[in-house]
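> Fold the following for me, if possible:
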Amino acid sequence: MARIAIVTDSNSGITQAEGKKLGVYVLPMPFDIDGQPYFEDINLTQEQFYEKLTGDADVSTSQPSPDAVMSLWDDLLKNKGYDEIVHIPMSSGLSSSCATAMMLAQDYDGKVQVVDNQRISVTMKLSVLDAMKMAEDGLSAAEIKRILEEQKFNSSIYIMVDTLKYLKKGGRITPAAAALGTMLRLKPVLQIHGEKLDAFSKVRTMSAAKKTMIDAIRNDLENRFAGSSMKLAIAHTNNEAMALEFKAELEKEFPGYPEIIVNELSLSVACHIGDGALAVACSRIPEV
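Predicted structure coming up:
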């Protein structure tokens, strides 16, 4: 049986420490903060990131360099004894890192399979866990890529945003809409589906936002994914206490599902929505 390495990036929410524990290789996403280069979870902690973000630092995201990607692949294939690699980057609709990796993989004679399954954050992490299971079950890298890409739209993420400041800063809403929303104390609920971050609902309280997200997930489970085996997950930005409280609520609302994972939202998403955000996701378990 071929030895398959699973590679992802830190947009999956998988930390370097967790990657080592799982046996997954995690490329750190680069950031430019006030003109200085940083790498997520290498020389930039979650705490440092939010301190800089709330301090109005100029934060921009980038993608791993081609050299960083190829160096990791070469090390895995030449030094670590892997036969094939499944590389799962963030959604091609949200970053060019997927297209770059696909181009680089052309020089690896099929040994590197880059998966474009339109995921980010916890749904991306669930894809990584699915890939690991399929590799353990003896599937080839090409088979894992095919199955994950067939599954690409079989997930949903709903995000409650605590502040409109960063959506305004990133040009996703107009200054007038941000001012009105702040005055009315609106808590928008956004949806990530595939490559788009869209408005889903507007509410005024945290409890109403949580109810909106629970109702949206229930609708997906009962209609869009009716009869499918599903996993649930929670993500947050610098908001762990509320995320764990929300997990307890979800376990009551949706008993009988696999353990609900709770993760920090990746910093690439956090820089667009700010801290205090809360998200819930569902993802179909692939049938192999």
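
> And the longest helix along the chain, what's buried?
Taking DSSP state H as the criterion, the chain has its longest helix at helix 121-136. Neighbour counts using 16 or more other Cβ atoms under 10 Å place 121-132, 134-135 of helix 121-136 among the buried residues. Quick note: C-beta positions are derived from backbone N, CA and C, even for glycine.

> Residues in contact with stretch 61-81: which ones?
Residues outside stretch 61-81 that contact it (Cβ atoms under 8 Å, 6 or more residues apart in numbering) are 3, 5, 7, 9, 25, 27-32, 82-83, 85, 87, 95-97, 100-101, 104, 108, 111-112, 267-268, 271.

> closest to residue 44 among the buried residues of helix 121-136?
residue 121 (17.5 Å; Cβ to Cβ).

> wait, isn't that closest one in contact with residue 12?
Yes - counting by Cβ atoms under 8 Å, residue 121 does reach residue 12; the two are 7.2 Å apart.

> Need the overlap of contacts for the two.
residue 266.

> What's the ChimeraX syntax to select whichever of the contacts of stretch 61-81 are buried?
Those of those that count as buried under 16+ other Cβ under 10 Å are selected in ChimeraX with:
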select :5,7,9,25,27,28,29,30,31,82,85,87,95,97,100,101,104,108,111,112,267,268,271
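
> so can I have CSV of the buried residues of helix 121-136 showing distance to residue 68 and pLDDT?
Listed next are the buried residues of helix 121-136 as CSV, based on distance: Cβ to Cβ, whole Å; pLDDT from 0 to 100:
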residue, distance to residue 68, pLDDT
121, 21, 85
122, 24, 89
123, 24, 89
124, 19, 91
125, 21, 92
126, 25, 92
127, 21, 94
128, 18, 95
129, 24, 94
130, 25, 95
131, 21, 96
132, 22, 96
134, 26, 96
135, 23, 96
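
> want to throw those residues into TSV with distance to residue 201?
What follows is the buried residues of helix 121-136, written out as TSV (distance: Cβ to Cβ, whole Å):
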residue	distance to residue 201
121	19
122	20
123	20
124	24
125	25
126	24
127	26
128	29
129	29
130	29
131	32
132	34
134	35
135	38
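
> Look at residue 169 and report its pLDDT.
We have a pLDDT of 61 for residue 169.

> residue ranges with poor pLDDT in the chain?
92-95, 163-186, 193-197 (pLDDT under 70).
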